[in-house]
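S.K.: Give me a model of this one.
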Amino acid sequence: MKNSIQSILILITVLISTTGADEVVYAQVGETVTLKGPGVTYQLEYMYWKFGNQNGPLLAWCNHLGGERITEDTKWKDKLAWSDNSLIIKDIQQENLGTFVREIIKSQTSNFFLITVLKLNVSVNPPSPLLPGENLSLACSVETPQNLEKPKIHWLTPWGENLEMRQETRRVTSKDNGQWTCVVTADQKEKQTKVSVTVLDLSPAPLRPQYTSKSMPLTIPCSIPPHISWEQIKAKGFQEVVWQFSPKSSLGLIHDSETQKLYVLSLERLRWNKTDQHRELKPVQDPQKRNLTLTRKQGRKEDRGDYMCIMKFKNGVTLSRTVHVEVLQIIPSPGTDLISGQPLNLTCSLSHPLPSDLHLQWSPPKQSSLPKSDHYQAHLTIPEVGTGDGGNWECSLWQGKTQLTSASITLKIEHKLSVWMLVIICSVAVIAILLLILVFILYRHRQRRVRHLRHRLCQCKKYVLTISWTDEMAPNTHLHSHSH
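M.R.: Here you go, the predicted structure:
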């Protein structure tokens, strides 16, 4: 009688457990699945995992003494493992899908929990990578038995948008690049499966123009994202990369008719070939590293305009990024070489009105007479410059607390000459001229005296020696003088 009552109690426990504690798990073929079930709040004696039903083949068991074992059936070989009372199924395959039964025995009482593992199908067609404009089909479905309620399925885009559909077909853009997530919801539980979609494209262009000046370097960015390789690009029919420049007029208009080709990156060995119009710009490094940026040490006024980085493919698809370049200038009037007391006008601008979120700031020499209230003006007027205004003047362009670029000039201020200084300078000049005239007169007078003395010295005496001979006497010498 006692044994009959025990059997009835166990049967009631089994019926309650199997009808009110089922769980559904969705898995793709090849995934790792963890079967756990509700937590155990007491010290169990034995735990068994079976496949199919309560009387199905035993997959694994463990006990409170630390003993455990896993089946050696070839169907489950190298697929099962224990982890904190949970059963791990590695690389699950079609034949491993089905119902798993967890049995816990405590004080000769069995508690059963059923977990049904259903197949989740997620597909991407065609496989990545894709070019912008190509069609992409995403599908997500589950195999649900008739006795189970069908789950809700939707897609989550890489930018976080919910698409309430099981299948999505679209023409891809660069925005579609990234992780797409299939979300399956059942019994207030979610199963998320991520698939990767790779869209070949160039890195996004800067949201703001690139600002430069004659005092700052010029950088025109263009690159290939790090998750894209040159091998993938070549496999899609890469042809070449071209850099083009369209100048901007003083009125702010872009002249497409004046577009210049700067560089061409050919498929052979991935080398840049510059044209006659390369504007002394240089690629920053080896294009094998996916960086296609152009640069120069200093900007120029004529750099204003649009620079286009264009990647071409053999099927006619082109990927392009446009970089706008603006040049900050300081225009001094009448010039940079001034005399103390002259008026001066300084203009700092981009040759068009500034956007509302940008502002200018002047940094004059320390001894300048410019009021601090004028340091944020685009146009400065100094009625009379002083020597303290000479030196380096810098105008910087800011967005909030971020400096975008700056331009600088050097003013040379000479001292102003007063009337007395002019009189003194003129007097000194007159004295110097008179001294020169006096020196010249004295020199001429001396030259005349020297000539007169030479003429008098030329009237000199000549002496003639006469020798006569007699037969009887020695030779006599007679000296005769003749005056001339």
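
S.K.: Would you list the phi and psi of Asp306?
M.R.: The phi/psi pair for Asp306 (degrees, to the nearest 10) reads phi -110, psi 130.

S.K.: wait, what's in contact with it?
M.R.: Asp306 is in contact with 245-246, 248, 254, 322-325, counting by C-beta atoms under 8 Å, 6 or more residues apart in numbering. For glycine as for every other residue, the C-beta is placed from the backbone atoms N, C-alpha and C.

S.K.: what's the closest non-adjacent residue to Thr99?
M.R.: Thr116 (5.0 Å; C-beta to C-beta, 6 or more residues apart in numbering).

S.K.: backbone phi and psi for that neighbour, please?
M.R.: Per degrees, to the nearest 10, the backbone of Thr116 is at phi -100, psi 120.

S.K.: can you check Ile425 too?
M.R.: Ile425 adopts backbone torsions of phi -60, psi -40, taken as degrees, to the nearest 10.

S.K.: residue closest to the middle of the chain?
M.R.: Centroid check for the chain by C-alpha atoms, centre = their mean gives Pro221 as the closest residue, at 6.4 Å.

S.K.: Among the contacts of Asp306, which are located in strands?
M.R.: Secondary structure from DSSP state E places 245-246, 322-325 of the contacts of Asp306 in strands.

S.K.: Could you list the low-pLDDT ranges of the stretch 101-250 of the chain?
M.R.: Within the stretch 101-250 of the chain, the ranges that satisfy pLDDT under 70 run 250.

S.K.: where along it do the helices fall?
M.R.: Secondary structure of the stretch 101-250 of the chain (DSSP state H, counting those that start in this stretch): helices located at 230-235.

S.K.: in it, which spans are strands?
M.R.: 109-125, 135-142, 152-156, 162-163, 167-171, 178-186, 189-197, 210-212, 218-220, 238-247 (DSSP state E, counting those that start in this stretch).

S.K.: quick one on the thing from earlier: from what I see, the residue nearest to the centre of the chain and Val323 are in contact.
M.R.: Yes: the criterion here is C-beta atoms under 8 Å, and Pro221 meets it with Val323 at 6.5 Å.

S.K.: Report the set of residues contacting both of these two.
M.R.: 205-206, 210.

S.K.: So which of those is the closest to Lys191?
M.R.: Each of the shared contacts of Pro221 and Val323 was scored against Lys191 by C-beta to C-beta, and Ala205 proved nearest at 38.3 Å.

S.K.: roughly how far apart are the closest one and Ile88?
M.R.: Counting by C-beta to C-beta, to the nearest Å, the gap from Ala205 to Ile88 is 47 Å.

S.K.: So the two - more neighbours on which side?
M.R.: Ala205 (18 against 15; other C-beta atoms under 10 Å).

S.K.: Tell me how far Leu404 lies from Leu360.
M.R.: Separation of Leu404 from Leu360 (C-beta to C-beta): 10 Å.

S.K.: possible to save the strands of the stretch 101-250 of the chain as a markdown table with mean neighbour count and distance to Gln54?
M.R.: Formatted as a markdown table, those follow (neighbours: other C-beta atoms under 10 Å; distance: least, C-beta to C-beta, whole Å):
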| stretch | mean neighbour count | distance to Gln54 |
| --- | --- | --- |
| strand 109-125 | 17 | 6 |
| strand 135-142 | 17 | 25 |
| strand 152-156 | 17 | 31 |
| strand 162-163 | 13 | 40 |
| strand 167-171 | 13 | 38 |
| strand 178-186 | 18 | 23 |
| strand 189-197 | 14 | 24 |
| strand 210-212 | 22 | 71 |
| strand 218-220 | 22 | 71 |
| strand 238-247 | 19 | 61 |
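
S.K.: quick one: contacts for the nearest residue to Gln43 once chain neighbours are set aside?
M.R.: Distances taken as C-beta to C-beta, 6+ apart put His64 closest to Gln43, at 6.0 Å, once the chain neighbours are dropped. For His64, the contact set (C-beta under 8 Å, 6+ apart) comprises 43-46.

S.K.: mind showing which ranges of the stretch 251-400 of the chain have poor pLDDT?
M.R.: The model of the stretch 251-400 of the chain has pLDDT under 70 over residues 251-257.

S.K.: please redo it, this time with the cut-off set to 90
M.R.: Where the stretch 251-400 of the chain drops to pLDDT under 90, the residues are 251-258, 266-270, 276-278, 285-286, 315, 339-341, 351-352, 367-374, 386-389.

S.K.: can you pull out the strands in it?
M.R.: Along the stretch 251-400 of the chain, the segments classed as strands by DSSP E, counting those that start in this stretch run 260-266, 272-274, 282-283, 294-296, 305-313, 318-327, 329-333, 337-339, 344-349, 358-363, 379-382, 391-399.

S.K.: isn't the residue nearest to Thr99 right up against Val33?
M.R.: No: under the criterion of C-beta under 8 Å, Thr116 is not in contact with Val33, lying 11.6 Å apart.

S.K.: how far away is the nearest residue to Trp155 once chain neighbours are set aside from Ser128?
M.R.: Nearest non-adjacent residue to Trp155, counting by C-beta to C-beta, 6+ apart: Leu163, 4.2 Å away. Per C-beta to C-beta, Leu163 is found 19 Å from Ser128.

S.K.: One more: Ser83?
M.R.: Remark: distance between Ser83 and Ser128 (C-beta to C-beta) = 33 Å.

S.K.: swap in Ala432?
M.R.: 90 Å.

S.K.: Comparing the two, which residue is more hemmed in?
M.R.: Neighbour totals were compared for Ala432 and Ser128, and Ser128 leads with 15 against 10 (other C-beta under 10 Å).

S.K.: ok, now how distant is the more buried one from His227?
M.R.: Ser128 sits 10 Å away from His227, going by C-beta to C-beta.

S.K.: what sits in contact with each of those two?
M.R.: Counting by C-beta under 8 Å, 6+ apart, the common neighbours of Ser128 and His227 are Thr198.

S.K.: which one of the contacts of Asp306 has the most neighbours?
M.R.: Going by other C-beta under 10 Å, Phe245 tops those with 24 neighbours.
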